[in-house]
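In: Quick one, structure for this:
(one chain, ligands or ions: 2)
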Amino acid sequence: MPIELLSPELARAEHLIREIPGYPQPGILFRDITPLLADGQAFGATVAALIEPFAGEFDVIAGVEARGFLLASAAAIAAGTGVVPVRKAGKLPQPAAAIDYALEYGTATIEMHADLEAGTRVLLIDDVLATGGTVAAALELLERLGYPVCGTAVLFEIDGLGGRERIGHHPLHTVFGS
Ligand SMILES: O=P(O)(O)OC[C@H]1O[C@H](OP(=O)(O)OP(=O)(O)O)[C@H](O)[C@@H]1O
Ligand SMILES: Nc1ncnc2[nH]cnc12
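Out: Numbering: from 1, shown residues only. Ligands and ions are numbered 1, 2, ... in the order given. Below is the predicted model of the structure:
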């Protein structure tokens, strides 16, 4: 969303995202959301804006390790739902499925339990959409386990890395940016 259309609280929140060149690898401009998370008003406004377009469309929120956990947990409390973790490999005791993927600066594997009742509607939350590798893998994982996904909400998209194209027809909401 253009910054002039954001509420003053969200505009302030966007300014709390810090850019760090060369982390975690040369050539990467890392967007660090920790200053935003540390500010209660900015965090609260951001979480409300993350879930707002999907109100009434989901029964549970799935968050991607690790930054996605922080947002998904707060969003679940705000929405009155539970939260399920999409974890990096080897962290869950009973993974039902696993998917390997590539992200902007590496490769990883994500896993999930399959404890939700059939038909439970899921909202997927993460912090950043860059190449879209992570969100695409999480969507595939949820689909493989048979859970309907109402959409994906992220704080922002990094332009020019093809993330939006990567996730195709799945509804995508970004709080900041395009
Ligand atoms: O669109 P992509 O290219 O896939 O990149 C986006 C992902 O990269 C970061 O996760 P990371 O694996 O670095 O995990 P972290 O949250 O533990 O830092 C970020 O939190 C997203 O999940
Ligand atoms: N440039 C970036 N900044 C923060 N998180 C990311 N995840 C993938 N690319 C990223």
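
In: The one helix or strand residue 20 maps to close to ligand 2?
Out: In this structure, residue 20 sits in strand 18-21 according to DSSP states H and E. No - Strand 18-21 lies apart from ligand 2 when judged by CB under 6 Å from any ligand atom; the minimum separation is 8.2 Å. Every C-beta, even on glycine, is put in place using the N, C-alpha and C of the backbone.

In: Let me see the mean pLDDT of that strand.
Out: The pLDDT scores in strand 18-21 average 98.

In: before we move on, what about stretch 78-91?
Out: 98.

In: what do you get for stretch 29-49?
Out: 98.

In: State the next helix or strand along the chain beyond the strand holding residue 20.
Out: strand 29-32.

In: Would you mark the buried spots in that next one?
Out: residue 31 (16 or more other CB atoms under 10 Å).

In: Output the next helix or strand after that strand as CSV - backbone C-alpha positions only.
Out: Remark: after strand 29-32, the chain's next helix or strand is helix 34-37, criterion DSSP H and E. Coordinates of each C-alpha in helix 34-37 appear next as CSV, following Å, rounded to 0.1, in the frame of the first residue of the first chain:
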residue,chain,number,x,y,z
THR,A,34,12.8,-6.6,15.2
PRO,A,35,12.4,-2.9,15.9
LEU,A,36,8.8,-3.1,14.7
LEU,A,37,8.1,-6.1,17.0
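
In: and helix 34-37, what other elements does it pack with?
Out: Applying 3 or more CB pairs under 8 Å, 6 or more residues apart in numbering; DSSP states H and E, one finds that helix 34-37 contacts helix 40-51.

In: And residue 22, how far from residue 163?
Out: As for residue 22, its distance to residue 163 is 21 Å (criterion: CB to CB, to the nearest Å).

In: between these two, who's got more neighbours?
Out: Neighbours around residue 22 and residue 163, counted as other CB atoms under 10 Å, are more numerous at residue 163. The numbers are 23 against 10.

In: so what's the nearest residue to that one once chain neighbours are set aside up against?
Out: Sequence neighbours aside, residue 132 is the residue nearest to residue 163 in space, at 3.4 Å (criterion: CB to CB, 6 or more residues apart in numbering). Neighbour list for residue 132: 161, 162, 163, 164, 165, 166, 167 [criterion: CB atoms under 8 Å, 6 or more residues apart in numbering].

In: wait, the second one sits on residue 131?
Out: So the one you mean is residue 162. Yes - the criterion here is CB atoms under 8 Å, and residue 162 meets it with residue 131 at 6.2 Å.

In: So for the two, which sits in the more crowded spot?
Out: Neighbour comparison, residue 162 and residue 131: the larger count goes to residue 131, with 18 against 14 (by other CB under 10 Å).

In: Good, we can wrap up now.
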